[in-house]
Each structure stands twice: as C-alpha cells, then as structure tokens.
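Undergrad: okay, predicted coordinates and the sequence, questions at the end:
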Amino acid sequence: MTESGEARVAAALARLGGLGELPVREHVPVFEEVLSGLEATLASMDDTSPARGDGAS
C-alpha cells in the first residue's frame, strides 16, 4: 500500500483493511463510512487549496 500523505486518507484505508475481521453483512456500513470520510476529505482540500496561478480552474 502506498502512503497518501494525508492522515484522513490513511485512516480510511486502514478502516478498509479491517474488513476481513467483520462478517460480510457488516461491510456495507464500513464502505459507506469510508466513502463519506473520503468525500469530506476531498471537499475540505478543495476549500483550502491555494488559488492556482496557471489559469486552470
């Protein structure tokens, strides 16, 4: 597994790593939790990203 450089992403990946210890019926809530966390992380990165000076939006 590669390092993401972002603690919240690493925590989400670690949460997925524990799926093998759970019954399959409990996987979906974990997937939903991880997805929600990753979406929040991406959204917060968009909110705090410095303005790009290359004309890209």
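TA: Structure received. In this text the structure is predicted, and so the values were computed from the model without any measurement.
Undergrad: could you look up the SS state of Val34?
TA: Following DSSP: H, G, I helix; E, B strand; the rest coil, the label given to Val34 is helix.
Undergrad: also Gly5?
TA: Under three-state DSSP, Gly5 falls in the coil class.
Undergrad: cool, Leu19 as well?
TA: Secondary structure state of Leu19, per three-state DSSP, is helix.
Undergrad: pretty sure it is in contact with Pro29, am I right?
TA: No - judged on C-beta atoms under 8 Å, Leu19 makes no contact with Pro29 at a distance of 10.9 Å. All C-beta spots, glycine's among them, are computed from the backbone N, C-alpha and C.
Undergrad: more crowded one of these two?
TA: Leu19 (14 against 10; other C-beta atoms under 10 Å).
Undergrad: chain neighbours aside, what residue packs nearest to that one?
TA: His27 (5.6 Å; C-beta to C-beta, 6 or more residues apart in numbering).
Undergrad: so which strand or helix has that neighbour?
TA: Secondary structure assignment for His27, by DSSP states H and E: helix 27-48.
Undergrad: hey, C-alpha coordinates of that helix in PDB?
TA: Taking Å, rounded to 0.1, in the frame of the first residue of the first chain, the C-alpha atoms of helix 27-48 are listed here in PDB:
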ATOM      1  CA  HIS A  27     -19.100  -4.500   5.200                       C
ATOM      2  CA  VAL A  28     -21.600  -2.100   3.600                       C
ATOM      3  CA  PRO A  29     -21.800   0.300   6.600                       C
ATOM      4  CA  VAL A  30     -18.000   0.400   6.600                       C
ATOM      5  CA  PHE A  31     -17.800   1.200   2.900                       C
ATOM      6  CA  GLU A  32     -20.400   4.000   3.400                       C
ATOM      7  CA  GLU A  33     -18.500   5.400   6.300                       C
ATOM      8  CA  VAL A  34     -15.200   5.300   4.400                       C
ATOM      9  CA  LEU A  35     -16.700   6.800   1.300                       C
ATOM     10  CA  SER A  36     -18.300   9.600   3.300                       C
ATOM     11  CA  GLY A  37     -15.000  10.400   5.000                       C
ATOM     12  CA  LEU A  38     -13.100  10.400   1.800                       C
ATOM     13  CA  GLU A  39     -15.600  12.700   0.200                       C
ATOM     14  CA  ALA A  40     -15.300  15.100   3.200                       C
ATOM     15  CA  THR A  41     -11.600  15.000   2.900                       C
ATOM     16  CA  LEU A  42     -11.700  15.900  -0.800                       C
ATOM     17  CA  ALA A  43     -14.200  18.600  -0.200                       C
ATOM     18  CA  SER A  44     -12.000  20.100   2.600                       C
ATOM     19  CA  MET A  45      -9.000  20.000   0.300                       C
ATOM     20  CA  ASP A  46     -10.900  21.900  -2.400                       C
ATOM     21  CA  ASP A  47     -11.900  24.500   0.200                       C
ATOM     22  CA  THR A  48      -8.300  25.100   1.400                       C
END
